[in-house]
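I would like the atomic coordinates for the input below:
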Amino acid sequence: MRRVILAIASTAVVLVLLLSFKSHTSVSALVPAAVAPNPNPTPSASMPAGGSSASSSPASPTATAASGGTSASTPAAGKTVTGDAVETIYGPVQVRVTVANGKVTAAEAIEYPDGTPRDYQINSYAIPMLQQETVGVSSPNIDAVSGATYTSQGYIGSLQSALDKAGL
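The predicted structure is shown next:
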């Protein structure tokens, strides 16, 4: 009887230790350079809607979006709108889209969870996939990314808000 109790107790201790173990991985090994942490989660006039680092002219849709959230520009360039930030259990997700001729021509996640190495790992593949799904649509009916359910739900919610502001 004593051996059975000792075996059960030692199994329970080993199980607790095993479940509480957390590996520490390097963030730089998990995050590709293209999806590095977003150092400035708020919209910026120096960051165009396409996500490149080229500078914006004062008349660009991005420059006006940074000051008010919704902007209108020339018909050829379209209209750039920033959706509301949608809170998820891991942090807020916010989307900026450019709309022309009733379709999304560019999409950018300007805010997303980035507080842990796991957030970086998930968002390094989820955010580009969601942005790619968004271009060319006129509704928030896009596929969620498997393994990034909360980020996908936040992205779709913010996309809905942006499309509502754009009048789609």
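
following the helix or strand of the chain with the lowest mean pLDDT, which helix or strand shows up next?
The weakest-scoring helix or strand in the chain, judged by mean pLDDT, DSSP states H and E, is helix 61-68 (a mean of 36). Later in the chain than helix 61-68, the nearest helix or strand by DSSP states H and E is strand 79-82.

For that following strand, which helices and strands make contact with it?
Applying 3 or more CB pairs under 8 Å, 6 or more residues apart in numbering; DSSP states H and E, we find strand 79-82 packed against helix 61-68, strand 91-100, helix 149-166. The C-beta positions use only the backbone N, C-alpha and C, and glycine is treated the same way.

for residue 108, helix, strand, or coil?
strand (DSSP: H, G, I helix; E, B strand; the rest coil).

what pairs with it across the strands?
Beta-bridge pairing of residue 108 under DSSP bridges involves residue 96.

wait, doesn't it sit right on residue 93?
No - applying CB atoms under 8 Å, one finds residue 108 not in contact with residue 93, separated by 11.9 Å.

which of these two has more neighbours?
Between residue 108 and residue 93, counted using other CB atoms under 10 Å, residue 93 has the larger neighbour count: 28 against 21.

what's the distance between the more buried one and residue 154?
Distance, residue 93 to residue 154, using CB to CB, to the nearest Å: 3 Å.

Could you name every residue contacting both of the two?
Common neighbours of residue 93 and residue 154 (criterion: CB atoms under 8 Å, 6 or more residues apart in numbering): 86, 112.

that older thread, return the most buried member of the helices and strands packed on strand 79-82.
Scoring those by mean neighbour count under mean count of other CB atoms under 10 Å gives strand 91-100 as the most buried, with a mean of 24.

Show me which residues of the helix or strand containing residue 5 are buried.
For residue 5, the host element (DSSP H and E) is helix 2-20. Going by neighbour count (16 or more other CB atoms under 10 Å), nothing in helix 2-20 comes out as buried.
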